[in-house]
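> Sequence and predicted model, in that order:
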Amino acid sequence: MFKILKKRELNEQVTLMELDAPLIAKKALAGQFIIFRTDELGERIPLTIADYDREKGSITIIFQKVGKSTIQLGSMKEGDSILDVVGPLGVPTHFGTDIKRAAVVGGGVGCAIAYPSAKALNNMGVKVDIIAGFRSKDIVILEDEMRAVSKNLYITTDDGSYGTKGFVTNKLSELIDSGADYDLVVAIGPVPMMKFVCEVTKPHDIKTIVSLNPIMIDGTGMCGGCRVKVDGKTKYACVDGPDFDGFKVDFDELMRRNSAYKNQENESKTHICRLTGGVRHG
């Protein structure tokens, strides 16, 4: 059992939790993830390790309440315990050497995954610019945390209610065109966003890492649910990733696979809401 040490609502849909998990905290590195089950009947859900404290023996996860299991997790309180947490899983992010300046681009709740990458780069002495994109001001998350691990933090909103109006790709293009000499770009967020970030960086030959989050079940590659096409070859995000060379990822196939279970997830969410009285029909 893994005790919930802290719970904080970052906005109406996104929750931060700190869990007591000393063995995971001892080995965790940027880019790795855990798989949790809230109880014996729960689904196995992957979540990136947003932060860790080796001395305290805790890890931090940030999640959006979008499906049955994350809604159930979001209903739990400080002091409650989660049945299973397995990790750290996945290959830690390998940024490369001789990196002097990097841009970390996060979209929405993807900023929870982008943050540990930015923190790791900052700890390496790299000059980090973070570009964080959200639909509107009311769903901005981790602003203080991202500012603390970056040289510059640029926030964009689709509706212009906070920061710069527009998309993260607009700001990234603007910075590159104005002379930002990035050695590396890390893009984490919705698949279309990562695809378009790569389209911005490729003409400039800027190394671009993306973090993929396809459907995962077992976390060992045996189920094949997380397979992705990278450089024309089949890779498994849970064991070969989740980070890959963005220029080699088949984003179109990934988008098709990610949408495969959308209807089932919506049905599952509606079912749990009915059980808890959260949805009324008729």
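Received it, and whenever you're ready, just let me know what you need.

> Kindly tell me how buried residue 41 is, as a neighbour count.
8 (other C-beta atoms under 10 Å). No exception for glycine: its C-beta is placed from N, CA and C like everyone else's.

> doesn't it fall inside a strand?
No: read with DSSP: H, G, I helix; E, B strand; the rest coil, residue 41 is coil and lies in no strand.

> What does the pLDDT read for it?
Residue 41 carries a pLDDT value of 83.

> Check the gap between it and residue 61 for me.
Between residue 41 and residue 61 the computed distance is 20 Å (C-beta to C-beta, to the nearest Å).

> Likewise for residue 17?
On the measure of C-beta to C-beta, residue 17 and residue 61 end up 5 Å apart.

> repeat for residue 35
Distance, residue 35 to residue 61, using C-beta to C-beta: 11 Å.

> Can you list the buried residues in the one helix or strand residue 197 maps to?
Secondary structure assignment for residue 197, by DSSP states H and E: helix 191-201. Neighbour-count burial for helix 191-201, counted by 16 or more other C-beta atoms under 10 Å, picks out 191, 193, 194, 195, 196, 197, 198, 200, 201.

> how about those residues in CSV, adding distance to residue 82?
Output for the buried residues of helix 191-201, formatted as CSV (distance: C-beta to C-beta, whole Å):
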residue, distance to residue 82
191, 28
193, 30
194, 29
195, 33
196, 35
197, 33
198, 35
200, 39
201, 38
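
> returning to that earlier point: other residues contacting the helix holding residue 197?
105, 107, 110, 133, 167-169, 172-173, 176, 182, 185, 187-188, 208, 210, 212, 246-247, 249, 251, 254-255, 258 (C-beta atoms under 8 Å, 6 or more residues apart in numbering).

> Restricted to strands, list the residues you listed.
105, 107, 133, 185, 187, 188, 208, 210 (DSSP state E).

> Show me the beta-bridge partners of the first one.
What it means is residue 105. Taking DSSP bridges as the rule, residue 105 bridges to residue 131, residue 187.

> burial count for it?
31.

> State the distance from it to residue 67.
As judged by C-beta to C-beta, residue 105 and residue 67 stand 25 Å apart.

> now the fifth one
The gap separating residue 187 from residue 67 is 24 Å, by C-beta to C-beta.

> related to what we said a few turns ago, for the helix holding residue 197, what is the distance to the chain centroid?
On the basis of C-alpha atoms, centre = their mean, to the nearest Å, helix 191-201 sits 15 Å off its chain's mean C-alpha point.

> quick one: it to strand 207-211, angle?
180 degrees (axes from the mean of the first three to the mean of the last three C-alpha atoms, to 10 degrees).

> quick check: angle from helix 191-201 to strand 184-188?
Using the same axes, to 10 degrees: helix 191-201 against strand 184-188 is 160 degrees.

> Using PDB, write down the CA coordinates of helix 191-201.
Output of helix 191-201 as PDB, limited to C-alpha atoms (Å, rounded to 0.1, in the frame of the first residue of the first chain):
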ATOM      1  CA  VAL A 191       0.400  14.200 -30.000                       C
ATOM      2  CA  PRO A 192      -0.600  16.900 -32.600                       C
ATOM      3  CA  MET A 193       1.400  19.500 -30.600                       C
ATOM      4  CA  MET A 194       4.500  17.300 -30.600                       C
ATOM      5  CA  LYS A 195       4.200  16.700 -34.300                       C
ATOM      6  CA  PHE A 196       4.000  20.400 -35.100                       C
ATOM      7  CA  VAL A 197       6.900  21.200 -32.700                       C
ATOM      8  CA  CYS A 198       9.000  18.800 -34.700                       C
ATOM      9  CA  GLU A 199       7.900  20.500 -37.900                       C
ATOM     10  CA  VAL A 200       9.200  23.700 -36.500                       C
ATOM     11  CA  THR A 201      12.600  22.400 -35.400                       C
END
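
> contacting residues around residue 254?
If you count contacts by C-beta under 8 Å, 6+ apart, residue 254 has them with 191, 212, 214, 228, 229.

> Narrow the residues you listed to those in helices?
Secondary structure defined by DSSP state H assigns residue 191 of those to helices.

> Sort the contacts of residue 254 by pLDDT and name the bottom one.
Least confident of the contacts of residue 254 in the model: residue 214, at 61.

> Stretch 112-119 - what's its average pLDDT?
The model assigns stretch 112-119 a mean pLDDT of 93.

> and the residue nearest the centre of the chain, what element?
Of all residues in the chain, the one closest to the mean position by C-alpha atoms, centre = their mean is residue 113, 3.3 Å from it. Element membership of residue 113 [criterion: DSSP H and E] is helix 111-123.

> Nice, that's everything, thank you.
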